[in-house]
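Asker: give me coordinates for this.
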Amino acid sequence: MRDFDLTTLRLFVAVCETGNMARAGERASIVGSAISKRLAQLEHQVRTPLLVRKRHGVVPTAAGQTLLEHARSMLDGAARIERDMESYVAGAHGQVRVLASVSAMTESLADDVAAFLKMPAHRTIQVDLEERVSPEIVRGVRDGMASLGVCWDAAELGALQARPYRSDHLCIVVPPHHPLARRKTVRFEDTLGYEHVSLPINSAVQVMLRRAAAQLGRTLIHRIVVSNFEAALRVVRAGLAISLVPREVADRQGAAYGLHVVPLAEPWAQRRFIVCFRDAEQLSVAARALVEHLAAQGGIGAARA
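Answerer: Prediction:
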């Protein structure tokens, strides 16, 4: 199969998003007939229909939906390449892309990266941060989408190497009149009779909590699933559920919402975070400098293969 043309893929995405070749042409400043010709060539290239012509426009076939997902990914990658190359033209001599968990981003990573970039020796370095769940972080670093990943050390790293970063402490956040609010500490088992507001179910902490509940012969009841801790605390404030969050977040934001923070009395309540990468020897100078800076925030440790 011949190489895909990015312009044609961009037009294909525009047609799928607008459902109309004329509107896609307006977006791309190209006539609809030219788009139609390009997409016909694309269908010939992949040897399967990609679009179904309807009375008021077009919709992608099953194959078209699959190509649409891949096309968006390829275009995102091309945009990152363009942005990274432009950063060198602008004088940025180092480019480091980092995938990080919501916990790391919310607690300390943004501040630590900002401190790194303020150092005179790093003024020509650019760091891009993107929030992902732990499995996606590991996969992204392994597949070369990012130089570094920051996640919980319970994540399955496979062949990736790692350095220690910071740690945090999980706790239970409840409304003021909740039965658990009077506790000085609480066991995880004691929370399982209540509905929880949780982060995405494929995040490392939720996988661990489901496993811990299963070991107790219980299930974790998800009332609501949210994407960040601020949303979780808002749900708790509304009295809809309780939530397990890092104490470092709860102490800072929970008080503003009038919530009670109860330490979790479990050996796994203290979590350790890591900076992971494919091979320390192959890291760029900029990425290696960032790894050393982040590792220094939580104590220097040996690399793990």
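Asker: confirm that Val197 sits in a strand.
Answerer: Yes: if the criterion is DSSP: H, G, I helix; E, B strand; the rest coil, then Val197 is within a strand.
Asker: offset the numbering so it begins at 11, please.
Answerer: New numbering, starting at 11: the last item is Val207.
Asker: distance of it relative to Leu16?
Answerer: According to CB to CB, to the nearest Å, Val207 and Leu16 sit 41 Å apart. For the C-beta atoms, the positions are set from N, CA and C on the backbone; glycine is no exception.
Asker: higher neighbour count, these two?
Answerer: Val207 (24 against 13; other CB atoms under 10 Å).
Asker: list the contacts of the residue lying closest to Ala223 once chain neighbours are set aside.
Answerer: Once flanking residues are discounted, Ala223 sits nearest to Leu230: 4.5 Å by CB to CB, 6 or more residues apart in numbering. By CB atoms under 8 Å, 6 or more residues apart in numbering, the residues touching Leu230 are 202, 206, 208, 219-220, 223.
Asker: buried ones only from those, please, as a PyMOL command.
Answerer: Selecting only the buried entries of the contacts of Leu230 in PyMOL, with 16 or more other CB atoms under 10 Å as the criterion:
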select buried, resi 202+206+208+219+223
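Asker: redo the contacts of Leu230 as CSV? Include distance to Val23 and pLDDT.
Answerer: What follows is the contacts of Leu230, written out as CSV (distance: CB to CB, whole Å; pLDDT from 0 to 100):
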residue, distance to Val23, pLDDT
Leu202, 45, 94
His206, 38, 93
Ser208, 33, 86
Leu219, 38, 87
Arg220, 36, 89
Ala223, 42, 92
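Asker: strands of the stretch 111-260 of the chain, residue ranges please.
Answerer: 135-141, 158-162, 171-184, 206-208, 232-235, 253-256 (DSSP state E, counting those that start in this stretch).
Asker: any idea which of the ones you listed is most buried?
Answerer: strand 158-162 (a mean of 27; mean count of other CB atoms under 10 Å).
Asker: contacting residues for the residue nearest to Val236 when sequence neighbours are not counted?
Answerer: For Val236, ignoring the flanking residues on the chain, the nearest one in space by CB to CB, 6+ apart is Ala242 at 5.2 Å. Residues near Ala242 by CB under 8 Å, 6+ apart: 183, 207-209, 236, 253, 255.
Asker: could you do Ala38 as well?
Answerer: Per CB under 8 Å, 6+ apart, neighbours of Ala38: 20-21, 24, 45.
Asker: got it, and Cys181?
Answerer: With CB under 8 Å, 6+ apart, Cys181 has these contacts: 254-257, 260, 271-274, 279.
Asker: let's see 10 Å
Answerer: Taking CB atoms under 10 Å, 6 or more residues apart in numbering, we find Cys181 in contact with 195-196, 253-261, 264, 270-275, 279.
Asker: likewise Leu170?
Answerer: With CB under 10 Å, 6+ apart, Leu170 has these contacts: 147-148, 151-152, 159, 284, 286-289, 314-315.
Asker: same check, this time on Ile234
Answerer: 205-208, 241-242, 245-246, 248, 250-251, 253.
Asker: again, but for Val160
Answerer: Taking CB under 10 Å, 6+ apart as the test, what Val160 contacts is 108-111, 113-115, 118-119, 122-123, 139, 142, 144, 147, 151, 172, 175-176, 283-286, 304.
Asker: buried among those residues? Make that a ChimeraX selection.
Answerer: Buried residues among the contacts of Val160 (16+ other CB under 10 Å), as a ChimeraX selection:
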select :108,109,110,111,113,114,115,118,119,122,123,139,142,144,147,151,172,175,176,283,284,285,286,304
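Asker: out of the contacts of Val160, list just those in helices.
Answerer: Residues of these located in helices (DSSP state H): 113-114, 122-123, 144, 147, 151, 304.
Asker: so how far is stretch 154-161 off the chain centroid?
Answerer: Stretch 154-161 sits 10 Å away from the centroid of its parent chain (CA atoms, centre = their mean, to the nearest Å).
Asker: could you do stretch 157-166 as well?
Answerer: 11 Å.
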